[in-house]
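>>> Quick one: sequence and predicted model below, then my questions.
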There are 2 protein chains.
Amino acid sequence: MVISSQNAPRNSLLSRMPPDDHAAILAVLERVELRRKDVLARPNEPLTHVHFLESGVASVVVGTRDRRRIEVGIIGSEGATGLPLLFDVDSTPHETFIQIDGEALRMSKAAFCGLIEQRPAFRKVMMRYAHIFQLFTAQTALSHGSYTLEERLARWLLMCHDRVEGDEFPITHEFLSVMLGVHRPGVTTTIHILEGAGTIRARRSHIEIVDREKLELIAGDSYGIPEAEYRRLITDDVVPEP
Amino acid sequence: MVISSQNAPRNSLLSRMPPDDHAAILAVLERVELRRKDVLARPNEPLTHVHFLESGVASVVVGTRDRRRIEVGIIGSEGATGLPLLFDVDSTPHETFIQIDGEALRMSKAAFCGLIEQRPAFRKVMMRYAHIFQLFTAQTALSHGSYTLEERLARWLLMCHDRVEGDEFPITHEFLSVMLGVHRPGVTTTIHILEGAGTIRARRSHIEIVDREKLELIAGDSYGIPEAEYRRLITDDVVPEP
DNA sequence: AACTTTATGTGCGTAATCGTACGTCTGGCT
DNA sequence: AGCCAGACGTACGATTACGCACATAAAGTT
């Protein structure tokens, strides 16, 4: 279906799974469409599936009773949702929803847990990814504590750019303000600054990355650490050939 | 030695390990002293041990080339250091050091990996803890993005209070400023505010919690979510008796 | 006791961001 | 063509925290 020699999966985690496990993984995957605002995991409700994104972007946010919300993780075709199931945890206070339309291959909780138990290599890839996801969350904490809105916005746009095809993607200031934990007018102003610097071009509900290098300069060290670890631990890790 | 019916381990994770695994775990543990500023894990250097704290407090911080540092995790007798080893990862960009003196039971990387492979119940307890550690990091990101310094300081003091015996612990404003990612004079001022409200008493290098309830009111929803999940997933989880 | 280190107290101009309130534009719908 | 909701632009006082600079004070050192 999806995993074969000619047709490699577009999800980076699936493409790193050892060949011996391909058939078992393939058998339990199901393709689904992802639309903006779709909720993949409701806070404190049982998780039902693990989604391996093939395109599009999902966000993991934490919220409180007093209505504050902030993004603590971002997922594209490099990752998967539903990590708590890997940890023998049935639900989490975090919410996962779709930020940018796309597609995913998903498997049920039962299928996922079965593979985790029976396929150590599958488990190892997922655990390495879980570690990197943790690094992303930590980097977000650092960003919110130590960097300006301009730097954080540059970081977010870079992370989004890493996860979409092409240089343009749909996103509203309103969404960005939730992601970054700031008020909406502040996003508008800061977008104009980045636009004035020639790094991006903004249209209604759309942002285009024009000069990625300059954006990376602006983001500074708020961007890059988890990304480097992903390359070291997953992309560059040697997988035995079939 | 440590794990026995009369002498339960003071580390909450070890005390949750299934009885069948006690002997195997006990055999590889070694007691060590922890002194302030001791480094348990250097950034990007191979991890050598997993430490199960029995007393004292450790901090996990992320730092950048441009000298910014911030705490992304805190560990006491409820947890353990070296989680990347659980994820099949040999090193991490984060640094772990001792914040408050104490003791730990540690095991070597090899011993830990062996137990992870051969003792599924041991692995499950560790994985649940790893999930909660992730929640702490996420909550920290939320705190830095959405709460004032006063609220964040109250949260940190509560988390520290949860991990020490008694109501007083040694901590300097300088350390707190690193933990919270703010400048040091800001900590001093905010400590005075909390002291003025009658919640704490501050001496040179020491802080005493006087009114915990009021401190929790000040911290608001910046405190409590990961703590509740720890209780749900670890403390209240039923473990088969010997 | 003099000295050094470490820790704390304080002030003040500046920058970043909030909170709030409007006004305007765009694209889809009827 | 007209309507409407969602998205964007702008302004401004208030608040929070930064970034210095410097004074004081407590503990350890010799």
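Looks like it arrived, so ask away. Numbering: from 1, shown residues only, chains lettered A, B, ... in the order given.

>>> ok, residue A:147 to DNA strand D distance?
As judged by Cβ to the nearest atom of the strand, to the nearest Å, residue A:147 and DNA strand D stand 10 Å apart. The C-beta positions use only the backbone N, C-alpha and C, and glycine is treated the same way.

>>> is any part of stretch A:216-228 close to chain B?
Yes - Stretch A:216-228 is in contact with chain B by Cβ under 8 Å from any Cβ of the partner chain, via A:220, A:221, A:222, A:225.

>>> For the third one, give me the pLDDT.
Confidence at residue A:222, expressed as pLDDT, is 95.

>>> which parts of chain A sit against DNA strand D?
Chain A comes close to DNA strand D at residues A:172-174, A:184-185, A:188-189, A:191-192, A:202, A:204-206, as judged by Cβ under 7 Å from any atom of the strand.

>>> Filter these down to the buried ones.
The neighbour count (16 or more other Cβ atoms under 10 Å in any protein chain shown) marks A:173, A:191 as buried among these.

>>> Closest one to residue B:74 out of the residues of chain A next to DNA strand D, please.
Ranked by distance to residue B:74 (Cβ to Cβ), the residues of chain A next to DNA strand D are led by residue A:184 at 32.6 Å.

>>> Looking at chain A, which helix is longest?
For chain A, the helix with the greatest residue count under DSSP state H is helix A:120-146.

>>> all helices of chain A, in order?
In chain A, helices defined by DSSP H lie at A:12-15, A:22-28, A:83-86, A:109-118, A:120-146, A:149-163, A:173-180, A:184-196, A:212-219, A:225-230, listed in chain order.

>>> Identify the residues contacting the residue nearest to residue A:140 when sequence neighbours are not counted.
Take residue A:140 and drop its neighbours on the chain: the residue closest to it by Cβ to Cβ, 6 or more residues apart in numbering or on different chains is residue B:141, 4.5 Å away. Neighbouring residues of residue B:141 by Cβ atoms under 8 Å, 6 or more residues apart in numbering or on different chains: A:62, A:70, A:72, A:137, A:138, A:140, A:141, A:144.

>>> With residue A:95 instead?
Residue A:95 neighbours (Cβ under 8 Å, 6+ apart): A:39, A:41, A:42, A:43, A:60, A:61, A:62, A:63.

>>> quick one: pLDDT of residue A:2?
Looking at residue A:2, its pLDDT is 44.

>>> and if you look at residue A:68?
pLDDT recorded at residue A:68 is 88.

>>> what's the burial count for the nearest residue to it once chain neighbours are set aside?
What sits nearest to residue A:68 in space, not counting adjacent residues and going by Cβ to Cβ, 6+ apart, is residue B:146, at 4.3 Å. Neighbourhood size, residue B:146 [other Cβ atoms under 10 Å in any protein chain shown]: 22.

>>> these two touch, right, residue B:146 and residue A:180?
No - contact between residue B:146 and residue A:180 fails when scored by Cβ atoms under 8 Å: they sit 10.4 Å apart.

>>> Now for residue A:59: which residues touch it?
For residue A:59, counting by Cβ under 8 Å, 6+ apart, the contacting residues are A:71, A:73, A:74, A:75, A:96, A:97, A:98, A:99, A:179.

>>> In TSV: the residues you listed, plus neighbour count and pLDDT.
Shown next, in TSV, are the contacts of residue A:59 (neighbours: other Cβ atoms under 10 Å in any protein chain shown; pLDDT from 0 to 100):
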residue	neighbour count	pLDDT
A:71	27	96
A:73	22	97
A:74	22	97
A:75	27	98
A:96	22	96
A:97	17	94
A:98	23	94
A:99	27	92
A:179	25	93
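
>>> TSV for those, including distance to chain B?
Output for these, formatted as TSV (distance: Cβ to the nearest Cβ, whole Å):
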residue	distance to chain B
A:71	8
A:73	8
A:74	12
A:75	14
A:96	12
A:97	15
A:98	19
A:99	17
A:179	10
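
>>> among the residues you listed, which are in strands?
Mapping the contacts of residue A:59 onto strands (DSSP state E) picks out A:71, A:73, A:74, A:75, A:96, A:97, A:98, A:99.

>>> quick revisit: of the residues of chain A next to DNA strand D, which are in range of DNA strand C?
Under the cut-off given by Cβ under 7 Å from any atom of the strand, DNA strand C has A:184, A:185, A:204 from those close to it.

>>> and of those, the nearest to residue B:128?
Distances from residue B:128 to those, taken as Cβ to Cβ, are shortest for residue A:184 (37.4 Å).

>>> wait, the closest one sits on residue A:177?
Yes - applying Cβ under 8 Å, one finds residue A:184 in contact with residue A:177, separated by 4.2 Å.

>>> Contacts only, for residue A:118.
Here residue A:118 is in contact with residue A:24 (criterion: Cβ under 8 Å, 6+ apart).

>>> per-residue confidence at the residue lying closest to residue A:235 once chain neighbours are set aside?
Counting by Cβ to Cβ, 6+ apart, residue A:235 lies nearest to residue A:12, which is 7.3 Å off, once chain neighbours are set aside. Note for residue A:12: predicted pLDDT of 96.
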